[in-house]
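[1] Sharing a model prediction with you, sequence too.
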2 protein chains.
Amino acid sequence: MAAKGGGSPDLPVVGQPPAERADAARSRRILLAAAREMMAECGVRALTMDGLAARAGVGVGTVYRRFTDRGGLALALLDSEEQRFQSDFIFGPPPLGPGAPPLERVRAFLCAYLDRLEVEADLHAFAEAQNRESRFRAGVYRTHRAHLAGLLTQADVGMDPAYLADVLLGVVSGELFLHHNRERRLSPAQLKANVGQVVDRLTSPCR
Amino acid sequence: MAAKGGGSPDLPVVGQPPAERADAARSRRILLAAAREMMAECGVRALTMDGLAARAGVGVGTVYRRFTDRGGLALALLDSEEQRFQSDFIFGPPPLGPGAPPLERVRAFLCAYLDRLEVEADLHAFAEAQNRESRFRAGVYRTHRAHLAGLLTQADVGMDPAYLADVLLGVVSGELFLHHNRERRLSPAQLKANVGQVVDRLTSPCR
DNA sequence: GAGTGAAGCGGAATTCTCTCCGCTTCAACG
DNA sequence: CGTTGAAGCGGAGAGAATTCCGCTTCACTC
């Protein structure tokens, strides 16, 4: 897979996929903009691949080439926020980033996740729904799980850290958030409190 | 589902939806049988509404009239097992049924759920996927949650019982089960152990 | 047993997703 | 610049989900 070496300009970076061609980048930009407009107007439900193609003035084939499928489109729409989020919890200041005690960081991670959901829950739920099969294998999920599992390992909670990470990520799924938010009328603050308690309990080897 | 019952024949039972007409019951039977055959042959993925109609020799309209949509079909396929399960945890012998201490029953409930998943995980995952929006509102989910929330209330765990119930039900989702089973190679026994630990921890107000 | 209204039924039509494939455009190289 | 192969593009078309609606059948009443 890897490309050539790297020192002089123009050479692709080792280990990185070759950059998008100019025309491809252009249609990605157009498509993402159109997608956001459609969402703003009619919500995620109205976001169809056909409709997007029509709206953006490109062929369906192009939409699929850019995003692979509906799930890919959802992930692409979340991508810029995700980038920020990842760099925050990997490089950013504590308690989200390194420096704070591990469990502190776990709590901060989940709270930050809930903050994202407050804004993007629909899109998250949409992405989860569309990536049903591949969800747990997708890069984003694996990154989050690896991060949490690492912290839980450091904290030495007496239990399979990867399993716990899965459980915690389930607790902040977009679907569940919408349910709690809409049907059960739990406020963001209540949700954070609940999630905090769940973390506390799950990470204390009581009995 | 319940028949007419009661003393005099023909009178509809109060509060029950009127029984299915004979022809409707017949096509339900035919469709469910055909659906099970299709699943047995090619797995859930092959279970399409169109294909089912063709296989059962009825029109698509009939399939939709019987099951509303794909999600409804999935639930219908799980129904007989679900009936058994519900009567087990409501009326059956302890520790699943009444008689055992509440937390014992919670553990038993989740283990029994995992036992079902061992057999029907695909179908559960399929049902979850198809009922995405309505999942938490659906009768089955509400029944399970009410049951768990009731037990958690009795056990007086110091935390919103309904919220905990949602978390616990998330832990036994079909999707997650498949992931743990297939990708992470966790055996049923390991899963039960993990779930057991999760229950223990979530229900002990440690700190 | 004829009448009747609700429940069922079929299947064409609509709307999507996703695939396929021939044609076009980049951009790296000489 | 001209060449060239990979990458991109468009859109027809296959396969599905779901809706619609006119026709049929059931089950109950008189």
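    Looks like it arrived, so ask away. What you see is a predicted model, and the numbers here were worked out from it, not measured in a lab.

[2] Could you use CA atoms for every contact and neighbour count after this?
    Fine.

[3] Look through chain A and tell me its longest helix.
    helix A:102-130 (DSSP state H).

[4] what angle do the helix or strand following that one and helix A:102-130 make?
    Downstream of helix A:102-130, the first helix or strand assigned by DSSP states H and E is helix A:139-155. With axes from the mean of the first three to the mean of the last three Cα atoms, to 10 degrees as the basis, helix A:139-155 and helix A:102-130 are set at 160 degrees to each other.

[5] what helices or strands is helix A:139-155 leaning on?
    Contacts defined by 3 or more Cα pairs under 8 Å, 6 or more residues apart in numbering or on different chains; DSSP states H and E place helix A:139-155 against helix A:102-130, helix A:161-171.

[6] What residues does chain A have near chain B?
    Residues of chain A lying close to chain B (Cα under 8 Å from any Cα of the partner chain) are A:129, A:132, A:136, A:159-160, A:163, A:167, A:170-171, A:175, A:179, A:194, A:198, A:200-207.

[7] and residue A:182, how many neighbours does it have?
    The burial metric for residue A:182, expressed as a neighbour count using other Cα atoms under 10 Å in any protein chain shown, is 11.

[8] and it, that's in a helix?
    Yes. Residue A:182: assigned to a helix according to DSSP: H, G, I helix; E, B strand; the rest coil.

[9] and residue A:93, that's in a strand?
    No. According to three-state DSSP, the state of residue A:93 is coil, so it is not within a strand.

[10] And it, how far from residue A:114?
    Distance of residue A:93 to residue A:114, computed by Cα to Cα, to the nearest Å: 18 Å.

[11] Name the residue in those two with the higher neighbour count.
    More neighbours surround residue A:114 than the other of residue A:93 and residue A:114, with 23 against 12 (other Cα under 10 Å).

[12] ok, now which ones touch that one?
    Residues touching residue A:114, when contacts are defined by Cα atoms under 8 Å, 6 or more residues apart in numbering or on different chains, comprise A:172, A:188, A:192.

[13] Find the closest residue to DNA strand D in chain A.
    Taking Cα to the nearest atom of the strand as the measure, the point where chain A comes nearest DNA strand D is residue A:61, at 2.8 Å.

[14] Quick check: that residue is in a strand.
    No. Counting by three-state DSSP, residue A:61 is located in no strand; its state is helix.

[15] neighbours around the residue nearest to residue A:110 when sequence neighbours are not counted, how many?
    Computed as Cα to Cα, 6 or more residues apart in numbering or on different chains, the closest residue to residue A:110 that is not its neighbour in sequence is residue A:172, at 7.1 Å. Residue neighbour count, defined by other Cα under 10 Å, stands at 20 for residue A:172.

[16] Then residue A:136?
    As a burial measure, residue A:136 scores 19 neighbours (other Cα under 10 Å).

[17] What of residue A:68?
    12.

[18] how close does it sit to residue A:61?
    The separation that residue A:68 has from residue A:61, given Cα to Cα, amounts to 10 Å.

[19] Check residue A:100 too.
    From residue A:100 to residue A:61 the distance is 47 Å (Cα to Cα).

[20] So which bits of stretch A:83-101 are buried?
    Judged by neighbour count using 16 or more other Cα atoms under 10 Å in any protein chain shown, the buried positions of stretch A:83-101 are A:85-86, A:88-89, A:94-97.

[21] Where does pLDDT dip in chain A?
    Judged by pLDDT under 70, chain A has its weakly predicted residues at A:1-15, A:17, A:206-207.

[22] hmm, try it at 50
    Across chain A, the stretches falling below the confidence threshold (pLDDT under 50) are A:1-10.

[23] DNA strand D contacts on that one?
    Proximity of chain A to DNA strand D is confined to A:20-21, A:23-24, A:26-27, A:57-62, A:65-66 under the rule Cα under 7 Å from any atom of the strand.

[24] what's the most distant pair in those residues?
    Distance extremes for the residues of chain A next to DNA strand D: the farthest pair is A:20 and A:57 at 20.0 Å, using Cα to Cα.

[25] Quick check on the two: which one has the bigger neighbour count.
    Under the neighbour definition other Cα under 10 Å, residue A:20 and residue A:57 were set side by side, and residue A:57 has more, 13 against 10.

[26] Give me the phi and psi for that one.
    In this entry, residue A:57 is assigned phi and psi values of phi 70, psi 30 (degrees, to the nearest 10).

[27] how near is it to residue A:70?
    If you go by Cα to Cα, the gap between residue A:57 and residue A:70 works out to 18 Å.

[28] just residue A:64 next, same as before
    Counting by Cα to Cα, the gap from residue A:64 to residue A:70 is 8 Å.

[29] Please enumerate the shared neighbours of these two.
    Taking Cα under 8 Å, 6+ apart as the contact definition, residue A:64 and residue A:70 share the neighbouring residues residue A:49.

[30] So these two - more neighbours on which side?
    Using other Cα under 10 Å as the criterion, residue A:64 and residue A:70 rank with residue A:70 on top: 19 against 16.

[31] Excluding chain neighbours, what is closest to that one?
    Here the residue nearest residue A:70, using Cα to Cα, 6+ apart, is residue A:130, at 6.3 Å.

[32] check contacts around the one you found.
    Each residue near residue A:130 by Cα under 8 Å, 6+ apart is listed here: A:70-71, A:74.

[33] Swap in 10 Å and give it another go.
    With contacts defined as Cα atoms under 10 Å, 6 or more residues apart in numbering or on different chains, the neighbours of residue A:130 are A:69-75, A:124, B:129.

[34] Residue A:81 now?
    Counting by Cα under 10 Å, 6+ apart, residue A:81 makes contact with A:116, A:120.

[35] Where does it sit, in terms of helix or strand?
    Counting by DSSP H and E, the element that carries residue A:81 is helix A:70-91.

[36] by how many degrees do that helix and helix A:102-130 diverge?
    Relative orientation of helix A:70-91 and helix A:102-130, computed by the same axes, to 10 degrees: 170 degrees.

[37] Which residues of chain A lie near DNA strand C?
    By the rule Cα under 7 Å from any atom of the strand, the part of chain A lying against DNA strand C is A:10, A:21-23, A:46-51, A:60-61, A:64, A:68-71.

[38] Need the buried ones from those residues selected in PyMOL.
    Command for PyMOL, covering only those of the residues of chain A next to DNA strand C found buried under the criterion 16+ other Cα under 10 Å:
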select buried, chain A and resi 47+49+64+70+71
